[in-house]
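> pasting a predicted model and its sequence here:
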Amino acid sequence: MRLRMIAHEATRAISVSARLSCLAIALPVISGCSDSREPARITIELPGKAAALAAGKTGAPGESQWSASVPASLGEIGCYAIFVGGPEAEMNGGFCKDAAGGLMMKFGRTAGLFSAGSTAVIEVPAGSDRRFYVLGFKLVAGRCEFVMPASHELTLANYSSPYLVGQASASIQPGDNSIAITLMDRFTDANKVADCSFMPARNPSPSPSPAPTPTPRFAVAQMALGQGHTCAQLTDGRVKCWGLGMSGALGGASQNLGDGPDEMGDALPFVDLGTGRTAKSIGAGNNFTCAHLDNDTIKCWGANTYGQLGRGNTSSYGLSPEQMGDALSPINIGTARTVKQMAVGESHVCVIRSDDSVVCWGKNGGGQLGISTGTGMVGSMVGQMGDAMTSVELWGAPVRISAGLAHTCALLADGSSRCWGANAYGQLGNGTTAGSFLPVTTMIASGATDVLVGREATCWRLFDMTVHCTGQNNAGVFGNGSVGGSVLTPMSAVVGLGAVHHLSISHQHGCAVNDGSAFCWGSGFLGRTGLNSTTATTVPVGVPLLGRVQKVFTPGATTGGHTCAVFMDGQVKCWGDNTYGQLGYGDVVTQGDGAGEMELLPFVNLGTNHN
């Protein structure tokens, strides 16, 4: 359902008397009735209620009857509240939180309460970044009104546990404007509003109350997405994981986390990395996870079918808290050698060591370990790790390494690159389809600043911030308008964005960040591209996230189908496949595959930062 909002010039007549700046309702007008900026008037046509209020229950003022049951659809919404926010201090003094205490929205104007089916006319000061929020309440009988406590702290759960059913961001000019908000028939814990705080209107009171401070959330530095699980590395180096718990990939649990209520937030435990240990980086593969620790060692946990945990056996680790922490020893990568950088593939791991040598372990079915023998795996038997490992012959100093399903690539200091392993689709980038147990020189001879390996594709980012890819263009993962086939020669990819600041590619989709905006392309199955549909696209399309993004992550070498974005403030949103709760919203509902879902997508609750 589309809610149409049209802004008129302030000099025109209005059809109803309600005004934002001096609205005579119980909710306070947060910033008072004065504003030097020229206003624009917004006319809002609200959808009607499917059924009339209960017969005989007219409800005297203050005696409204609010239903505590969950609405089945917008047709049961009897009352709407509209809030307006903006970047200015006077436009974001109030806020609403979810049941876990997480910030859902900040605003500076309470536009008022309006009955379903009515026409609301409000005024907002013109501005380049105005945010509109629409809350829906299940009113059974009586009047659409609140009684505001003197504390200005309103527990909205007393009024039918309202839901955030629509939001939009738009630039409002003094002249004619129009925006549209998609209203959602979505009533879950993810968009339920628990309580709000309203800063009182300006008055001459000598002791004004300070504006309340929202509960601080943990900020995320980077993420790792596996086949069915997700991990977040916080800015302080601690790690949390959720989703599919099979084989211990979450680090201390065998059950799924994030697929039911009360499993996220403060209830979600930190991964125990050992006494005093934090993570420098994290990586995820097919049901296992690795962390490059602050003392330049590496630990891995989860599935170990091919010895990818580097423990000299094939037993899974991390199924209980007792298998983590100091009980999980660092992987032996050789005497007096430490880790400079790591790469996690679908079922193998590679590291650049402190002496600039590279070693790999785990599955080697396609030659992805870079050793001359086609052994099936390394790390699955005693005596295969440590000084027994054979280093990869690169003929140069590596600065970056990336791993896929059955191939691996390294970027060298001179801007050239070497790749090894499977090459059925040309993913080694040397113009052939012949696989190689040993590194081959790619056609990117110089000028590369990064190399990124997907499942069966390889992409390079060049000095001019453009991207070139080779290998399998499954579902249009190259983002250049083409789809399918084997690409043997690196070709221009991720077209139309100019500078690509962050890039992530997976089995059937890719995403990138340009100037704070996220773009995705490829298969839309289960909403993995976040475009509010399941329709595939072969070129980058902007993801409607309503905020500035710094990084975006896909499941890389696995066949996973979800995506996560880290915003500028370190908060996280995830969308796509949610079979195991890997999105972290306390349910198993896919997100991003239906109209308006991305605009209503909440932040993942990773807990309260008491620091």
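Looks like it arrived, so ask away. Numbering: from 1, shown residues only.
> and stretch 116-130, average pLDDT?
For stretch 116-130, mean pLDDT is 74.
> end to end, how far does it reach?
For stretch 116-130, the first and last residues are 23 Å from each other (CA to CA, to the nearest Å).
> which of the residues in that stretch are buried?
Buried residues in stretch 116-130, counted by 16 or more other CB atoms under 10 Å: 116, 120-127, 130. Heads up, the C-betas are built off the backbone N, CA and C, glycines and all.
> over to stretch 476-486?
Buried, per 16+ other CB under 10 Å, within stretch 476-486: 476-480, 483, 486.
> let me know the closest of these to Gly251.
Nearest to Gly251 among these is Val477, at 29.4 Å by CB to CB.
> contacting residues for the closest one?
454, 457, 469, 505-510, 521-522 (CB atoms under 8 Å, 6 or more residues apart in numbering).
> ok, now Leu74?
Per CB under 8 Å, 6+ apart, neighbours of Leu74: 1, 47, 136, 165, 183, 185.
> nearest spatial neighbour of it, chain-adjacent residues omitted?
Asp185 (5.5 Å; CB to CB, 6 or more residues apart in numbering).
> run through who's touching the host helix or strand of Val451.
Counting by DSSP states H and E, the element that carries Val451 is strand 448-453. For strand 448-453, contacts defined as CB under 8 Å, 6+ apart pick out 343, 345, 400-404, 407-411, 415-417, 427, 458-463, 503-505, 556-557.
> list the buried residues in that strand.
Per 16+ other CB under 10 Å, strand 448-453 contains these buried residues: 448, 450-453.
> same thing with stretch 311-328?
For stretch 311-328, by 16+ other CB under 10 Å, it's 311-312, 314, 316-319, 323-325, 328.
> tell me the SS of the closest residue to Ser316 other than its chain neighbours?
Leaving aside its sequence neighbours, Ser316 sits nearest to Ser247 (CB to CB, 6+ apart; 4.5 Å). Put simply, Ser247 is helix when judged by DSSP: H, G, I helix; E, B strand; the rest coil.
> Ser247 reaches Thr289, doesn't it?
No: using CB atoms under 8 Å, Ser247 is not in contact with Thr289, being 10.1 Å away.
> which of those two has more neighbours?
Neighbour count, other CB atoms under 10 Å: between Ser247 and Thr289, Thr289 has more, with 28 against 20.
> on that earlier part again, could you list which of the buried residues of stretch 476-486 belong to helices?
Counted as lying in helices by DSSP state H, out of the buried residues of stretch 476-486, is not a single one.
> between those, which is closest to Thr297?
Out of the buried residues of stretch 476-486, the member with the shortest distance to Thr297 (by CB to CB) is Val477, at 33.7 Å.
> how far away is that closest one from Cys520?
Going from Val477 to Cys520 by CB to CB, to the nearest Å gives 11 Å.
> now Asn578
17 Å.
> what's the answer for Asp185, then?
25 Å.
> go on, Val552?
For Val552, the distance to Cys520 - CB to CB - is 8 Å.
> turn the contacts of Leu74 into a markdown table, including distance to Gly283.
Shown next, in a markdown table, are the contacts of Leu74 (distance: CB to CB, whole Å):
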| residue | distance to Gly283 |
| --- | --- |
| Met1 | 42 |
| Pro47 | 47 |
| Gly136 | 42 |
| Val165 | 38 |
| Leu183 | 40 |
| Asp185 | 38 |
